[in-house]
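Structure for the following, please:
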Amino acid sequence: MDTEAALQTVEQLLKEYATEVKQPEQNRLDFSISVENLLEAIKTLKANQWGYLSFITGLDHPAPLTAEGEAPTEGNLEVLYHFAQGAAVATLRISLPYSKAEVPSVCGLIPSASLYERELMEMFGVNVVGTPDPRRLLLPDDWPEGVYPLRKSYQMVGGAAEPPVET
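You can find the predicted model right below:
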């Protein structure tokens, strides 16, 4: 199957789960999906043998700075599940508010996702519900709770990790 046909196929497979579909690059489609539809969308990809999970990444979108006197808004995190079939890439984008940064584990469908889930938990602070192995992967055991190095609020002070500064 050529790349264009693969993208057309994945768009048909995932359109019922997506609230938005974008094509940021020639060989890629991004599907905005609610966290509630994540597992069903992945089951659909697997049932139709479309691609493989190439990686899971996180993005931090902190709230914009507000003018004095305005109520601060809450930032959000995104979890991106990248599936590839040849040169075609389909990304499932899950947006989560900081206050409910939680996704279900996909390890029941894709056991190899465990390492990605562990990284997501410790580096971004996303709670992956039901992950089979919640141990730390990259950070030392004595790393402070609530300090996530890949969040934009992370600060290193004097060579030691510090909790984010509230603004």
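
Apart from its chain neighbours, what residue comes closest to Gln23?
Leu29 (5.6 Å; CB to CB, 6 or more residues apart in numbering). In this view, the C-beta of every residue, glycine as well, is placed from N, C-alpha and C.

Could you give the bridge partners of that neighbour?
Leu29 forms beta bridges with Ala90, as assigned by DSSP bridges.

Check the secondary structure at the residue positioned nearest the centre of the chain for me.
Note on the chain: the residue nearest the mean C-alpha position is Val79, at 1.1 Å, using CA atoms, centre = their mean. When classified by DSSP: H, G, I helix; E, B strand; the rest coil, Val79 comes out as strand.

Quick check: the residue nearest to Gln23 touching Val21?
Yes. Counting by CB atoms under 8 Å, Leu29 sits close enough to Val21 to count as a contact (6.1 Å).

shared neighbours, these two?
Common neighbours of Leu29 and Val21, counting by CB atoms under 8 Å, 6 or more residues apart in numbering, are Glu11.

Between those two, tell me which one has more neighbours.
Leu29 (22 against 15; other CB atoms under 10 Å).

in this structure, what spans have low per-residue confidence?
Applying pLDDT under 70 to the chain flags residues 69-72, 156-167.

now the strands: where do they sit in it?
18-25, 28-33, 52-61, 76-85, 88-97, 102-104, 127-129, 155-157, 160-162 (DSSP state E).

one step back: tell me the spacing between the residue nearest to the residue nearest to the centre of the chain when sequence neighbours are not counted and Glu16.
By the measure of CB to CB, 6+ apart, the closest residue to Val79 outside its immediate chain neighbours is Ile94, 4.5 Å from it. For Ile94, the distance to Glu16 equals 16 Å [CB to CB, to the nearest Å].
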